[in-house]
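# 3D, please:
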Amino acid sequence: MKKITSLLLLLVMSCYASDENRMTIHDLKKLSLTELMEVEIFNPSGSLAARKVQKLSETPAALFVLTQEDIRRAGITSIPEALRMVPGLQVARMDSSQWAISARGLNEQFASKLLVMIDGRTVYSPLRSQVNWDVQGTLMEDIDRIEVIRGPGASLWGANAVNGVINIITKSAKDTQGTLITSTFAKGEEKNILGIRHGGKLGEDGHYRVYGKFYEHDSVVNDNWQMKRAGFDIDWDSFSLQGGIYDGFMKLNSASFTNPNEPINATTTVSGLHLLSRWQHGNMILQSYFNRMKRNGTYWDSTHNIYDIDFQHSSQLSDKHEFIWGLGFRYTDSLIDGSQLITYIPNHRKDNLFSAFVQSEFSLTEDLRLILGSKFEHNDYTGFEVQPTIRMLWNINEKHSMWAAVSRAVRTPARVDEDLQINVIIPNSPQILIRGNPEVNSEELIAYELGYRFNPTPNLLVDASIFYNDYDQLRSTETSFQPFPVPMILNKLDNQMFGSTYGLELASHWQVTETWKLIGSYSYLYTDLDVRANSNYTGFKLLEHNSPTNQAGLRSLWNMTDNLELDAALYYVDEVESQKLPQYTRFDLRLGWQASKNLAISLGGRNLLDSQHSEFGGFANSSNLLYTNEIPRSFYLQLQYRH
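Take a look at the predicted model:
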């Protein structure tokens, strides 16, 4: 068993490390099993914090890495559900296809302060700066790792990387050779999922893979979600090309604009495609992608075409000074066909984003490093934006390290902030108008962070961070009444809200024995929002209490035998006060069996402690909560065949 585990760790490590940082197999064979576990299990690689591959111990940021092993052993079938394992993230499922996800508070259905990328391709919508989680996906088996930074990453990644950054990184085509057939049959959250992938060689140095996936989810409350997607990936030594398409629909149970007491069934059809190329030569990386997204819904149809190009270069100026810089350009073509109720004026818009970043890393002493950097952007909404950071990392000794950071980040306006026009006509009531504001400013954050990592033994790591976020110019809705010529309530977007959040995040990894690992997490969050004296916006109180104060999780991964696994996860989430949602505890269980060299079988259940519970998405008033979808208990059977 010890030899098998060591070989698996060697294989995982060879996939993670870059050419410059990768240890040779010869060197790795000299390490004991304990040392191997310390290298990868407790010190995973990530590139989000510095735009280069580096270990967790070298990262002055609140970094958490989910590996393919984490995803597989949790029985995860969607990207949003995988994020539930990350400390400090609030992942709240609203129905079969929608999630509200944020880091460090201010969670909403259309949370706009979290930057999400897949292989470096930004996937947020230009409509609201939110992520449409219902169309983000790939074969879960093809995900190499998910890197998550809680806290701002704007100095490297730009606007919208305010409260956090997520990058889903897929495996190379070289690491996905052969044929894979995977299927899930379930009752509850999922219904049927089928995925097929095949990989092969292209000449001497090239590799490819192609895949297809179909999934259909069970109804939560009179809703349904069905998606089809396909894609490819081609890799050579210094160049890679990938692409994908998707098509599907969601039938949702939502509230009517004209009568909130009457829910309506709305169908949204979605489709899209992307094409991404990446070239790397020495210290230079050039990446470009095209992304097309279409959504046809009840009140509007939208099409967004995005073209993005990004270049970066790094150089070691001396033994104690590393310098990274880059340039970027993004062009967005957005067309929205509205309705009598909702329109966007103008309906067709073309936006340009120019950017540059610089970052210098100084080794002040053998154990102390200083990082200075900033992102510079020019957008068509607010003009020039600067987002600097200063970070320090102190490796006190082999068991203790500390880091600190002060950063500025902004969330720049999107189309909804400037161009939105909503006209609500309710019988026997004043007409309600909701208007965007061409003079709206960027939402601003100054973040203060402090982190501590403690590795008392080779088998235990504790990673802690505290933060204080100071927000200004947060989005508000200012209301005025116009009695003539027609009674009218006018709601106009503005920047009259401000406030702060602070909190604590803990993560621990404990390799109890060679066959049993425990992963624990805890987060505490406090939010305090207010509005300026000349504002009449009251919604800040709802946003203030839209995130749970306490969250905790504990995962157990146990290799019962060489081919039998038993994995469990326990999650506690505090109440969501503004939506009158009570606290809940979720328990998941999975039994995995490697039936043969080619066939793996998993049986599992989720939400086993309760038949159903609510997580997010209701409309609260003084006495009750309307239209809250309850997430049901679910059971699944997963089959994986590899050849």
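# check contacts around residue 592.
73, 564, 565, 566, 567, 600, 601, 602 (Cβ atoms under 8 Å, 6 or more residues apart in numbering). To be clear about C-beta, it is placed using only N, CA and C from the backbone, and glycine gets the same treatment.
# Kindly provide the whole-number mean pLDDT of the helix or strand it falls within.
Taking DSSP states H and E as the criterion, residue 592 maps to strand 584-594. Across strand 584-594, the average pLDDT comes to 97.
# CA atoms of that strand as CSV?
Provided in CSV are the C-alpha atoms of strand 584-594 (Å, rounded to 0.1, in the frame of the first residue of the first chain):
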residue,chain,number,x,y,z
TYR,A,584,-28.7,23.9,8.3
THR,A,585,-26.3,21.0,8.6
ARG,A,586,-25.6,18.9,5.6
PHE,A,587,-24.0,15.4,5.6
ASP,A,588,-22.7,13.7,2.5
LEU,A,589,-21.5,10.1,2.2
ARG,A,590,-19.7,8.2,-0.6
LEU,A,591,-18.5,4.6,-1.0
GLY,A,592,-16.1,4.1,-3.8
TRP,A,593,-15.0,0.8,-5.3
GLN,A,594,-12.3,0.2,-7.9
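# and residue 601, what does it touch?
592, 593, 595, 637, 638, 639, 640.
# re earlier: dump the contacts of residue 592 into JSON lines; add secondary structure and distance to residue 235 as well.
Converted to JSON lines, the contacts of residue 592 look like this (DSSP: H, G, I helix; E, B strand; the rest coil; distance: Cβ to Cβ, whole Å):
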{"residue": "73", "secondary structure": "helix", "distance to residue 235": "27"}
{"residue": "564", "secondary structure": "strand", "distance to residue 235": "34"}
{"residue": "565", "secondary structure": "strand", "distance to residue 235": "30"}
{"residue": "566", "secondary structure": "strand", "distance to residue 235": "36"}
{"residue": "567", "secondary structure": "strand", "distance to residue 235": "31"}
{"residue": "600", "secondary structure": "strand", "distance to residue 235": "25"}
{"residue": "601", "secondary structure": "strand", "distance to residue 235": "31"}
{"residue": "602", "secondary structure": "strand", "distance to residue 235": "29"}
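# Reformat the residues you listed as TSV; add pLDDT and distance to residue 190.
Shown next, in TSV, are those (pLDDT from 0 to 100; distance: Cβ to Cβ, whole Å):
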residue	pLDDT	distance to residue 190
73	95	17
564	97	23
565	97	20
566	97	21
567	97	18
600	96	18
601	97	16
602	97	13
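# Out of those, the closest to residue 405 would be?
Nearest to residue 405 among the contacts of residue 592: residue 73, at 32.1 Å, using Cβ to Cβ.
# tell me the contacts of the closest one?
For residue 73, the contacting residues are 557, 565, 567, 590, 592, by Cβ under 8 Å, 6+ apart.
# try residue 595
563, 601.
# Kindly recompute the last result at 6 Å.
Residue 595 is in contact with residue 601, counting by Cβ atoms under 6 Å, 6 or more residues apart in numbering.
# any chance you could map the strands in the stretch 51-200 of the chain?
Using DSSP state E, counting those that start in this stretch, the strands of the stretch 51-200 of the chain run over residues 54-55, 62-67, 89-93, 99-103, 114-118, 121-122, 143-150, 164-170, 178-187, 190-202.
# Pick out the shakiest of these, pLDDT-wise.
Among these, strand 54-55 carries the lowest mean pLDDT, a mean of 80.
# in which helix or strand would I find the closest residue to residue 372 other than its chain neighbours?
Counting by Cβ to Cβ, 6 or more residues apart in numbering, residue 360 is the residue found nearest to residue 372 once chain neighbours are left out, at 5.2 Å. Using DSSP H and E, residue 360 sits within strand 348-363.
# Partner strands of that strand, with direction?
strand 321-337 (antiparallel), strand 368-379 (antiparallel) (DSSP bridges).
# buried set for the last one?
Going back to what we said before, that points to strand 368-379. Residues 369, 371, 373, 374, 375, 376, 377, 379 are the ones in strand 368-379 that count as buried (16 or more other Cβ atoms under 10 Å).
# for the residues you listed, which one is nearest residue 82?
Using Cβ to Cβ, residue 375 comes nearest to residue 82 of the buried residues of strand 368-379, at 27.5 Å.
# and that closest one, how far is that from residue 324?
Residue 375 is 12 Å from residue 324, where distance means Cβ to Cβ, to the nearest Å.
# Same check on residue 99?
Distance from residue 99 to residue 324, by Cβ to Cβ: 33 Å.
# Compare those two (neighbour count), which wins?
The neighbour comparison of residue 99 against residue 324 (other Cβ atoms under 10 Å) goes to residue 99, with 24 against 20.
# Contacts only, for the more buried one.
By Cβ under 6 Å, 6+ apart, the neighbours of residue 99 are 80, 93, 133.
# if we go to 8 Å?
80, 91, 92, 93, 133, 616.
# what's the closest non-adjacent residue to it?
Excluding its sequence neighbours, the residue lying closest to residue 99 (Cβ to Cβ, 6+ apart) is residue 80, at 4.3 Å.
# Is the one you found in contact with residue 91, as I believe?
Yes - using Cβ atoms under 8 Å, residue 80 is in contact with residue 91, at 6.2 Å.
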